[in-house]
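S.K.: model this:
(one chain, ligands or ions: 1)
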Amino acid sequence: MLKILITDGMEKTSLEELKKMNFHVVEQHYNKEDLMKEIKKFHVLVVRSATKVTRDIIDEATKTNNLKLIVRGGVGLDNIDVEYARLKGITVRNTPNASNTSVAELVIGHILNMARFLHNSNITMRQGEWNKKKYQGVEIEGKTLGIIGFGRIGREVAKKANALGMKIKFYDVVGPIMNNQEYRYCDLDKLLSTSDFISLHVPYNKGERALIGKEEIQKMKDGTYLINCARGGVVDEEALIAALDSGKLAGAAMDVFMEEPTPNNILCNHDKVSVTPHIGASTKEAQRKIGEEINNIILEFWKGRGLNDRIETV
Ligand code: NAD
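M.R.: Numbers count the residues shown, from 1 in each chain. As a prediction, the model looks like this:
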């Protein structure tokens, strides 16, 4: 019987469906030491971002040669040593499409928050303040949104922002993937220096230099708003705080942080920052879609198809 270990939870309906398929399903989060012991018993491991599937865990798993598939419910694979798993003959899959809409909607929410001081008003009105004059914002219609990384989520953000009247520019390492009248491709420097809002939608590999640091911020227009709903390491938080303090940046929105949960209280309490605790994919719909994608991957695996290493994003 196929033995499946789910360590970071899974949407209830999909979990029930998986159990009905007569697989042996264990839903349990283990600390690293216990996971090293338990992993040997399972053929399939389903994780989100909390479980770190490191080289030593993969080594333990290969002692019994049971583990054949790791599924990451979500997009980023930065918590899995994908290369090493592949080397050991373990297939790694993720659920790349499930959260596009949810993340894009969160980005739009953050843009509106910053433009109209919604995050500040929610705090200060609870403290009895009435800052009508202080909170004079800007309209987003007619403003330029620069999108860095024009993949699944970047394009979804473009569609939604465009519907709200924003002008879209984008930059992607692979070049002008989709350059039409509505979405204009430009190089990174041009995007940085001409956008009113900049939203980041690129992957991040541990140890990499932040894509947006002091130098890149210097290239931005004064009063730019920066949004990071991609991965924490993409933005240098120290450089960001300095730019907010100096007035170079008008605001920033962060759903992801260099360390999570973030210990960066200066950033979280900053007047110009709209923060959320990595909730890009935290909607009922995204979780349902993630659950369905996970089940489809496991079924495909069980039926003997798709055993080759297919990683849909890196
Ligand atoms: P994707 O693979 O579809 O798109 C990423 C794009 O970025 C690709 O087109 C790629 O060519 C481009 N790219 C890579 N490196 C680049 C660079 N240095 N400069 C410019 N372009 C670059 O990925 P996606 O599904 O759109 O996800 C984007 C990001 O969102 C990922 O980091 C993912 O982990 C993150 N994400 C966050 C949440 C959340 O909860 N906040 C949820 C889902 C995904």
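S.K.: does Arg155 sit in a helix or strand, and which one?
M.R.: helix 152-163 (DSSP states H and E).
S.K.: so what does the following helix or strand past that helix touch, helix or strand wise?
M.R.: Using DSSP H and E, the helix or strand that follows helix 152-163 in sequence is strand 167-171. Here strand 167-171 touches strand 144-148, helix 152-163, strand 183-185, helix 188-194, going by 3 or more CB pairs under 8 Å, 6 or more residues apart in numbering; DSSP states H and E. (Glycine included, C-beta is placed from N, CA and C.)
S.K.: please name the nearest non-neighbouring residue to the residue of the stretch 101-250 of the chain found nearest the ligand.
M.R.: The ligand sits closest to Gly151 of the stretch 101-250 of the chain, with a gap of 1.8 Å, by CB to the nearest ligand atom. Leaving aside its sequence neighbours, Gly151 sits nearest to His201 (CB to CB, 6 or more residues apart in numbering; 6.3 Å).
S.K.: the one you found contacts Gly146, doesn't it?
M.R.: No: in this structure His201 lies outside contact range of Gly146 using CB atoms under 8 Å: 11.0 Å.
S.K.: show me the contacts for the residue nearest to Gly151.
M.R.: 147-151, 153-154, 157, 229-230 (CB atoms under 8 Å, 6 or more residues apart in numbering).
S.K.: close to the ligand, is stretch 157-168?
M.R.: No: Stretch 157-168 lies out of reach of the ligand by CB under 6 Å from any ligand atom, never closer than 9.0 Å.
S.K.: what does that stretch rub up against?
M.R.: For stretch 157-168, contacts defined as CB under 8 Å, 6+ apart pick out 103-105, 107-108, 111, 140-145, 147, 150, 170, 182-184, 197, 199, 201.
S.K.: also stretch 69-77?
M.R.: Counting by CB under 8 Å, 6+ apart, 8, 10, 43-49, 53, 79-80, 85, 90-96, 98-99, 153, 203-204, 231, 281, 290-291, 293-294, 297-298, 301, 311, 313-314 sit against stretch 69-77.
S.K.: so what's His278 up against?
M.R.: Contacts of His278 (CB under 8 Å, 6+ apart): 49, 255-257, 260.
S.K.: ok, and which of these reach the ligand?
M.R.: 255-256.
S.K.: my reading is that Arg209 lies in a strand. Confirm?
M.R.: No: assignment of Arg209 by DSSP: H, G, I helix; E, B strand; the rest coil gives coil, placing it outside any strand.
S.K.: for it, grab the count of nearby residues.
M.R.: Arg209 is flanked by 7 other residues according to other CB atoms under 10 Å.
S.K.: give me the low-pLDDT residue ranges for the stretch 51-200 of the chain?
M.R.: When residues are selected by pLDDT under 70, those of the stretch 51-200 of the chain lie in 179.
S.K.: and the helices in it?
M.R.: Under the criterion DSSP state H, counting those that start in this stretch, the stretch 51-200 of the chain contains helices at 55-62, 82-87, 100-116, 118-126, 152-163, 188-194.
S.K.: got the contact list for the last one?
M.R.: Outside of helix 188-194, the residues within contact range by CB under 8 Å, 6+ apart are 144, 146, 148, 169-171, 186, 198, 216, 219-221.
S.K.: buried ones only from these, please, as a ChimeraX command.
M.R.: Here is the ChimeraX command that selects the buried residues among the contacts of helix 188-194 (16 or more other CB atoms under 10 Å):
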select :144,146,148,169,170,171,186,198,216,220
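S.K.: quick check: residues of the stretch 1-150 of the chain near the ligand?
M.R.: Residues of the stretch 1-150 of the chain lying near the ligand (CB under 6 Å from any ligand atom): 75-76, 96, 99, 103, 148-150.
S.K.: relative to Ala243, which of the residues you listed is nearest.
M.R.: Using CB to CB, Ile148 is the member of these that lies nearest Ala243, at 16.3 Å.
S.K.: so what's that closest one up against?
M.R.: 154, 170-172, 188, 191, 198-202, 211 are the contacts of Ile148 under CB under 8 Å, 6+ apart.
S.K.: restrict those residues to contacts with the ligand.
M.R.: Restricting the contacts of Ile148 to those adjacent to the ligand (criterion: CB under 6 Å from any ligand atom) gives 154, 171-172, 201-202, 211.
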